[in-house]
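Enquirer: my questions concern the predicted model and sequence given below.
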Amino acid sequence: MKATILAVGTEILFGTTVNTNAVFLSQQLNLLGIDVLKHITVGDNKKRLLRALEYAFEDCDLVLSTGGLGPTEDDMTKETIAEFFGKKLIEDKAWMDMMSSWFAKNGRVMSENNRKQAYIPEGAIFLDNPNGTAPGFILSDGGRTIFVMPGPPREMQPMFTDHIRPYLEKLQDSTLYYKMIRTVGIGESDLETALIDIIDGQTDPTIATYVKDFSAMVRVASKRKTLKEAQDVVSGTDKLSKELAESNRKGIEDLQKMMNDLGEIDPGAMNLGGMPQVSQTGKPGQATAQTATGAEVKAQEEAPKEPETDP
């Protein structure tokens, strides 16, 4: 399965809102063994959103959409998706009654534009939202499936966890496992050069180099039918370990010499054992091997903004 993550909201394009939803959803889909091919952000504009949907489904069978489900006129995600799939919007009476009851209980009068939030495309699966007034939905047609969620993370994340993840798990045919290895004293270009023969000949597992927190990292990943199969493949990368050990040793020796010249490090404290060792200190001359079954990206705090839906 291949997926596009679609974010709808002019506030994201303005830079007033940080799209942490894309980070969260990429992490979750990777855990499920679903390939994320694209991140798309589009403003609150019907024509551009229709073009974005065409592009999203161009090479993906799944689209996960966030944002644009509020009560105002510029919230048009639901209406545009209904048009894209050729569906009518129909009222969910239970949700309309729930909203009316909520407003009355809180001493408020529900405005007319809130009523649009009780409508979803015909044939869609309704997704409850206990944290706001905008429900989500799942719509499938012609081998294409879209999962539509509200934009605020406090609403989107529970909806994904409670409804969409279980739905996707039933479709899951593989799982991803990877290991992140941190090196010290060697740049990404030199690291890739040392591993290029392995990288050029890779199939599964796959190997890639990155830079994070001033260190060159190596990611070793495998996608297999079961987690154990993927773990066994990643653990059995002996050739990579040998190449990486030699690269890391040279980097540590260079760093040791530099630090010794500065008189700021005890040579006996250096780790020259070859393969990176787990380090809790992060001191120069040490490397960290990290293992994870999902993405390691840390979501940033979302920039303050007005909520898309009522509490």
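Expert: That came through fine.
Enquirer: what ranges of the stretch 101-250 of the chain fall below the confidence cut-off?
Expert: 184-185, 198, 237-250 (pLDDT under 70).
Enquirer: do a quick rundown of the helices in it.
Expert: Secondary structure of the stretch 101-250 of the chain (DSSP state H, counting those that start in this stretch): helices at 153-159, 165-171, 188-200, 227-235, 238-262.
Enquirer: strands along this structure, start to end?
Expert: 2-8, 35-42, 62-66, 89-91, 119-121, 125-127, 136-141, 144-149, 175-182, 206-212, 215-224, 289-292 (DSSP state E).
Enquirer: and the contacts of stretch 217-230?
Expert: Residues outside stretch 217-230 that contact it (C-beta atoms under 8 Å, 6 or more residues apart in numbering) are 33, 173-183, 191, 195, 204-211, 231, 233-234, 237, 240, 244, 293. In short, each C-beta sits where N, CA and C put it, glycine included.
Enquirer: and that stretch, how far out from the chain's middle?
Expert: 17 Å (C-alpha atoms, centre = their mean, to the nearest Å).
Enquirer: check which residues of that stretch are buried.
Expert: Neighbour-count burial for stretch 217-230, counted by 16 or more other C-beta atoms under 10 Å, picks out 217-224, 227, 230.
Enquirer: okay, how far is it across it, tip to tip?
Expert: Taking C-alpha to C-alpha, to the nearest Å as the measure, stretch 217-230 stretches 20 Å from start to finish.
Enquirer: same deal with stretch 196-208?
Expert: Termini of stretch 196-208 sit 10 Å apart (C-alpha to C-alpha).
Enquirer: repeat for stretch 9-28
Expert: First residue to last in stretch 9-28 (C-alpha to C-alpha) measures 22 Å.
Enquirer: check stretch 34-53 too.
Expert: Taking C-alpha to C-alpha, the first and last residues of stretch 34-53 lie 19 Å apart.
Enquirer: what's that stretch in contact with?
Expert: Contacts with stretch 34-53, where a contact means C-beta under 8 Å, 6+ apart, come from 1-10, 12-13, 19, 22, 25-26, 29-30, 55-56, 59-60, 62-63, 68, 74-77, 79-81, 83-84, 146, 168, 172.
Enquirer: what mean pLDDT does it get?
Expert: For stretch 34-53, mean pLDDT rounds to 96.
Enquirer: ditto for stretch 72-85
Expert: 95.
Enquirer: report the buried residues of that stretch.
Expert: Buried residues in stretch 72-85, counting neighbours by 16+ other C-beta under 10 Å, are found at 75-85.
Enquirer: mind putting those into CSV with distance to Gly187?
Expert: Formatted as CSV, the buried residues of stretch 72-85 follow (distance: C-beta to C-beta, whole Å):
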residue, distance to Gly187
Asp75, 47
Met76, 47
Thr77, 43
Lys78, 48
Glu79, 50
Thr80, 46
Ile81, 45
Ala82, 51
Glu83, 50
Phe84, 46
Phe85, 49
